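A.B. asks: please find the sequence and the predicted model below.
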Amino acid sequence: ENPFSIKANPNVIGFEKQKKFLIQYIKNGDVCFLTGPTGIGKSSLLLWIKNNLNPYNVFYIDAADVEKSFGIKEFLKNSRRGFDRFRAYPKNTVVLLDESQDCDYELQKALKLHWDHGHIKSIVITQINQNLKNFSDSFKDRIGKRVVELDKLNKLDAINLINLRLRNKKLFDEKAIEKIIEIADYIPRKILEFCELVYLKNKDKKKIELVDVKKVLKEKNRNIKQKSKQSIKNQTNEPQNNETKKIPRLTLLQKKIVRDLDKGKTIEEISKDLEISLEKVKEELNNLQNLDVITAQEQKIYLMKSN
């Protein structure tokens, strides 16, 4: 098992003040907004809420996975259990809406309506865009000033994150950990990604030291420079015109694979989730690399994870 998986994980390190705010907003029956940069831990914090909010009926919804046919009314009614089966809707319902930038107008409207009517006690939405451009003014009015922002980890929490994933095994020495945290700019996902990269390159070692981290960093920077030079070369060789370079169009399957990779899933998990063969996933990884959606180094890492 990969100790540095970037999949959302309810064992959240740090953000104690933000946890208290979110729990209080939910208990007050409010609509609130959780925001922060990519990889900061928004999805993980939602899972933490789900595991630490009894006796509420907490439902996590990833807006990126919602089908066109999805209806919140039917979803809530079908989720009734025990004595809630005799109610119109589950009691003390809390909806955690992740990736809300992908939430369409109809779902927004339905969530607002059910909250207004008391069918939903509280709603927490997340996205990177602090302006909530895809949400209506009336929905934003219900959020008001209840905005919870996640920022970078402090040094102690960043160290604790690595130690938690390693179950306190001293795989990295102190200076190696400090360098990884510095490179990752104290962002949880970046910390885990770079830990994984260093680990995969040095998994036969009993102790990973600062020199090993620097070696991996040097190789990573070299690959970035080579790709940048190649990109400049390609642009130089292309005929100059006023047309904007087209962004590669991905198939629906490729979009789903990219989404699952961003969630930290292995190619075996993607194969199972999408009900396609492992060879098909590998084929599409190769296609994505050819389209410059992922780098050759990233493709190699994804394949290494599967071994």
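C.D. replies: Alright, I've got the coordinates.

A.B. asks: export the helix or strand hosting E74 to PDB, keeping only CA atoms.
C.D. replies: Using DSSP states H and E, E74 falls within helix 72-78. Taking Å, rounded to 0.1, in the frame of the first residue of the first chain, the C-alpha atoms of helix 72-78 are listed here in PDB:
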ATOM      1  CA  ILE A  72     -31.200  15.800  -4.600                       C
ATOM      2  CA  LYS A  73     -34.800  15.100  -3.600                       C
ATOM      3  CA  GLU A  74     -34.700  11.500  -4.700                       C
ATOM      4  CA  PHE A  75     -31.200  11.100  -3.300                       C
ATOM      5  CA  LEU A  76     -32.300  12.200   0.200                       C
ATOM      6  CA  LYS A  77     -35.400  10.100   0.200                       C
ATOM      7  CA  ASN A  78     -33.500   7.000  -0.900                       C
END
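
A.B. asks: may I see the buried residues of it?
C.D. replies: I72, L76, K77 (16 or more other C-beta atoms under 10 Å). C-beta here means a position set from N, CA and C on the backbone, and glycine is covered the same way.

A.B. asks: next up, phi/psi of the residue lying closest to K42 once chain neighbours are set aside, please.
C.D. replies: If the residues on either side of it in the chain are set aside, K42 comes closest to T126, at 4.4 Å by C-beta to C-beta, 6 or more residues apart in numbering. Dihedral angles of T126 (phi, psi; degrees, to the nearest 10) stand at phi -130, psi 150.

A.B. asks: ok, now which ones touch T126?
C.D. replies: F33, L34, T35, K42, S43, L46, L96, L97, D98, E99, S100 (C-beta atoms under 8 Å, 6 or more residues apart in numbering).

A.B. asks: identify, from these, the entry nearest to L113.
C.D. replies: L97 (14.4 Å; C-beta to C-beta).

A.B. asks: list the buried residues of the helix or strand containing that closest one.
C.D. replies: For L97, the host element (DSSP H and E) is strand 93-98. Neighbour counts over strand 93-98 (16+ other C-beta under 10 Å) mark T93, V94, V95, L96, L97, D98 as buried.

A.B. asks: hang on, the second one packs against I120?
C.D. replies: Which is V94. Yes - counting by C-beta atoms under 8 Å, I120 is a contact partner of V94 at 7.4 Å.

A.B. asks: and Y60, what element?
C.D. replies: Short version, using DSSP H and E: Y60 is in strand 57-62.

A.B. asks: still on that earlier bit, got a pLDDT number for the residue nearest to K42?
C.D. replies: As predicted, T126 sits at a pLDDT of 97.

A.B. asks: start at 666 instead
C.D. replies: From this message on, residue numbering opens at 666, which makes the last subject T791.
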